[in-house]
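> model this:
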Amino acid sequence: FGNQCIGGTYPEKTYTVSGTNLTNDIIITPPTGGFEISLTTGAGFIANPSFLTLTQTAGSVPNTTIYVRFNPMSTGAKTGNITHTSIGATQKDVAVSGTGINTPPTITTPTATSITTTTATIGGNITALGCTNVTERGIIWSTTNGFDYTTTGTTVNETSLGFTTGAFGLAVTGLPAGTTIYYVAYAINSGGIVYTVQGSFTTLKLEPTDYPTLFTCGITTTTTIPLTWTDAVGSSIPDGYLIKWSSVSYAAITAPTDGVAEANGAGVRNVLQGVQTYTATGLTAGTVYYFKIWSYTNSGTNINYKTAATEPQTSCTTLNSPLITLTGVLSNFGNQCINTASSEQNYSVSGLYLTNNIIITAPAKFEISLTAGGVNASPITLTQTGGNVASTTIYVRFKPTTAVIN
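Numbers count the residues shown, from 1 in each chain. Below you'll find the model as predicted:
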């Protein structure tokens, strides 16, 4: 009969019995070990020590079908003989054998879904029931990688007279936030308990405890503003920070919304915990910029911003672009005898937002001076003070040394 689950009903086998010249009825007795016999299919089966009687008539028993099935009540190999006896006749035997088994269920694929800060739906997939109904299924979790789930961990389960195959998930609560959870799923029937391989997931972090501190600007340029801060501390450490800015006002900066991650772009930047610096670029010279910063944990649709209380903010102004202003126009000096100086013309120079002095250089055959009638002073240096050069008159004359057009 091969392997048969204990306590089940399984396909029958048959053989025939007949007798002649009998003086008594034929007695048919099955062996122990779960072998059963009947004169009809599907019903009337008896087991040892009960027996069947085939009544002889005038010394004969016609061909009679005997139905045999194996219904083991315990595990292990079973063998024996179905005996056929009649007083005065030689005993005939039919050998039977089989193995009683009690296989546990099969469970695969540990799964975790609907993960929050302290809850998750955890389960597995029962792909085969084994020999008997699954009466308990569940999960065991721990915060220790490779934990001995047979003796440790927290169990969440459900019981029934008989679960079917398929995936299941159990609502698990009381998980620690921001923590890697290790778990297995299991199933039990009378054949034993089976487990999946270990799975893992990380619960979401709580909202950050604090904002960063010392949020401030560094030395600006005409197009950049460097920002620095000290990372937030507390029981729930941020994963990162969202910086937003505007050239209008603090009020023009919209606060972020939990569950909506903002991508880097114009006026928006995400910076990881631990970096503590960012430089805004592509800014307009001579403009006040307003900055705000928020702490956050998690990411994507699970992002959790700290929006309670007032977020840190700072404002800074980009430098103005250096500006040189010329006032006045020089006309054509006309014809001029070589080695003689023409009449003077002049124009004015001034500067704002300078980072260096103004250097004025005359081309060949032209002379410049800071005073009327003065000697050629090219190149002239106008020294800036606080980035400014006051309006200064520059005198220009034409003094060719050869006959050429200049």
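> The closest residue to Thr143 other than its chain neighbours: neighbouring residues, count only.
Among residues not flanking Thr143 along the chain, Thr179 sits closest, at 5.7 Å (C-beta to C-beta, 6 or more residues apart in numbering). Bear in mind the C-beta positions are built from the backbone N, C-alpha and C, glycine included. Thr179 has 14 neighbours, counted by other C-beta atoms under 10 Å.
> got it, and the one 5 residues further on?
Residues lying near Val184 (other C-beta under 10 Å) number 23.
> shouldn't it be in contact with Ser200?
No: Val184 is not in contact with Ser200 according to C-beta atoms under 8 Å; the separation is 10.3 Å.
> Contact partners for the residue nearest to Thr143?
143, 202-203 (C-beta atoms under 8 Å, 6 or more residues apart in numbering).
> ok, the residue nearest to Asn145 when sequence neighbours are not counted - contacts?
Spatial nearest neighbour of Asn145, chain neighbours left out: Tyr182 (5.4 Å); criterion: C-beta to C-beta, 6+ apart. If a contact means C-beta under 8 Å, 6+ apart, then Tyr182 has 141-147, 198-200 as its contacts.
> re earlier: distance of the residue nearest to Thr143 relative to Pro105?
Look at Thr179 and Pro105: by C-beta to C-beta, to the nearest Å, they are 30 Å apart.
> How about Thr154?
When Thr154 is compared with Pro105 (using C-beta to C-beta), they lie 22 Å apart.
> Can you show me the strands along the stretch 201-350 of the chain?
Ranges of strands in the stretch 201-350 of the chain, per DSSP state E, counting those that start in this stretch, are 213-217, 225-230, 240-246, 268-272, 277-280, 288-297, 304-305, 313-317, 323-327, 345-352.
> quick one, which of those is nearest to Thr381?
Set against Thr381 and scored by C-beta to C-beta, the strands of the stretch 201-350 of the chain come closest in strand 345-352, at 11.4 Å.
> List the contacts of the closest residue to Leu22 other than its chain neighbours.
Once flanking residues are discounted, Leu22 sits nearest to Gln56: 4.2 Å by C-beta to C-beta, 6+ apart. By C-beta under 8 Å, 6+ apart, Gln56 lies in contact with 19, 22-26, 86.
> Could you single out the nearest of those to Gly100?
Checking those against Gly100 with C-beta to C-beta, the nearest one is Ile26 at 28.8 Å.
> neighbours of the closest one, just the number please.
Neighbour number of Ile26 under other C-beta under 10 Å is 21.
> How about Ala403?
8.
> where does the residue nearest to Asn145 land on pLDDT?
We have a pLDDT of 98 for Tyr182.
> just the one 5 residues further on next, same as before
Listed pLDDT for Ala187 reads 97.
> what do you get for Thr109?
So, for Thr109, pLDDT stands at 91.
> just Asn406 next, same as before
Reported pLDDT for Asn406: 56.
> Look up how far Leu354 lies from the residue nearest to Asn145.
65 Å.
> What is the end-to-end distance of stretch 32-46?
End-to-end distance of stretch 32-46 (C-alpha to C-alpha, to the nearest Å): 11 Å.
> Alright, I will stop here.
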